[in-house]
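Engineer: Have a look at this prediction, sequence included:
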Amino acid sequence: MASFECQACGARVEIEDDRRTGKCLYCGSPQVIDRPPSADRPSPTFGLAFVVTPERALETARAFVRRPFFAPTSFRKAKVDDVRGIYLPAYLYTAVAHTAYEAQIGENYTVTETYTTTENGKTVTRTRTRTETEWRSLSGRCSSFVGDHVVSASRGLPNVELESIEPFDWRAIKRYAPRLISGWATEEPTLAPAEVAQEARTEASNAVGKRLARFMPGDSHRSLRWQTTFEHEDLELVLVPLWILPVRYREDKPPVRLLVNGQTGRVHANTPTSWIKVMTAIVLSCALVVLAIWLLTERR
């Protein structure tokens, strides 16, 4: 536990170690804790402001819960009213990427061929065209700046969940100041930069590969391979806004964590599946196929 002195009434209040913000128990004033930075727990450098209101987050979450047809009925009818805004710590990765790549580039061309066929009992000659592809090898090197790749710094919220509600609009990034998070729940980073560096490199390398695929010449390409090394790497701690809504749909099941991007409104949850609905759909589909085959057979 850590403690702080309320700037409004002077009371000393304890707060959990994994929180950067809190409220005074005596006067209710929002407080921001100024913790000394360390290698494992750096201070925030940047942040993004909340744009999505709690009302809009609730509306978006309720629409999302009703949507998945193969979810249990209890999930689709679950009451969603517990919304919590939080600033999640994450690392913004930037670097210079040097990439060596190779691929097969396809160039299409048209071939005209002559063939014979029978029409009205007579043999006739016709022509037709087909498309062929000539493949050539291509290799090269390129360098580029990679940025805007964010990796979760929280052990409680894995990066795969953060990725599910990306992207964020980094044009709205702000230099961190305590007033940005005042009054909001804010988590301290529980993952050090060294623990997420490789995950950040992998994410950046995949982005380089997607960029290469978009800019390959020719009509098509295949067997694209690339190898990227990074230099001038930087991991800056940023605070990103999230709405978290626990969806409780059964007493014997843990609640489903539903996330709403506090800046863009993008929503995600690991929706449960009703296997009874899935099996029923499969059985009905098979029955319709059998019925269609039987009807075609009867018409003959």
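Structural biologist: Structure's in. What do you need?
Engineer: ranges for the helices of the protein?
Structural biologist: Ranges of helices within the chain are 54-66, 73-76, 159-164, 178-181, 193-214, 275-299, based on DSSP state H.
Engineer: Check these for me: which has the lowest mean pLDDT.
Structural biologist: Here the lowest mean pLDDT among those goes to helix 275-299, at a mean of 79.
Engineer: from the middle of its chain, how far away would it be?
Structural biologist: Relative to its parent chain, helix 275-299 has a centroid offset of 37 Å by C-alpha atoms, centre = their mean, to the nearest Å.
Engineer: Thr264: what's it in contact with?
Structural biologist: 51-52, 165, 167-169 (C-beta atoms under 8 Å, 6 or more residues apart in numbering). Quick note: C-beta positions are derived from backbone N, CA and C, even for glycine.
Engineer: quick one: strands adjacent to whichever strand in the chain runs longest?
Structural biologist: Secondary structure of the chain per DSSP state E: the longest strand is strand 84-119. Here strand 84-119 is paired, per DSSP bridges, with strand 122-152 (antiparallel), strand 185-186 (parallel), strand 220-247 (antiparallel).
Engineer: starting at the chain centroid, how far to the shortest one?
Structural biologist: Its chain's C-alpha centre and that of strand 185-186 lie 21 Å apart, by C-alpha atoms, centre = their mean.
Engineer: avg pLDDT for it?
Structural biologist: Computed over strand 185-186, the mean pLDDT rounds to 87.
Engineer: now swap in the first one and tell me
Structural biologist: The average pLDDT within strand 122-152 is 92.
Engineer: care to break the chain down by domain?
Structural biologist: Using automatic domain parsing, the domain ranges for the chain come out as 1-35, 36-104+135-299.
Engineer: which one of these is the most hemmed in?
Structural biologist: domain 36-104+135-299 (a mean of 16; mean count of other C-beta atoms under 10 Å).
Engineer: Which strand residues bridge the residue nearest to Ser205 when sequence neighbours are not counted?
Structural biologist: Spatial nearest neighbour of Ser205, excluding adjacent residues (C-beta to C-beta, 6 or more residues apart in numbering): Thr228 at 4.7 Å. Per DSSP bridges, the residues bridged to Thr228 are Thr99.
Engineer: residues contacting Thr228?
Structural biologist: Per C-beta under 8 Å, 6+ apart, neighbours of Thr228: 97-99, 204-205, 208.
Engineer: now do 7 Å
Structural biologist: Listed by C-beta atoms under 7 Å, 6 or more residues apart in numbering, the contact partners of Thr228 are 97-99, 205, 208.
Engineer: returning to what we had before: got the domains of the chain as a markdown table, with distance to Asn120 columns?
Structural biologist: As requested, the domains of the chain are exported to a markdown table (distance: least, C-beta to C-beta, whole Å):
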| stretch | distance to Asn120 |
| --- | --- |
| domain 1-35 | 84 |
| domain 36-104+135-299 | 28 |
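Engineer: Can you check which of those domains gets nearest to Val124?
Structural biologist: domain 36-104+135-299 (33.1 Å; C-beta to C-beta).
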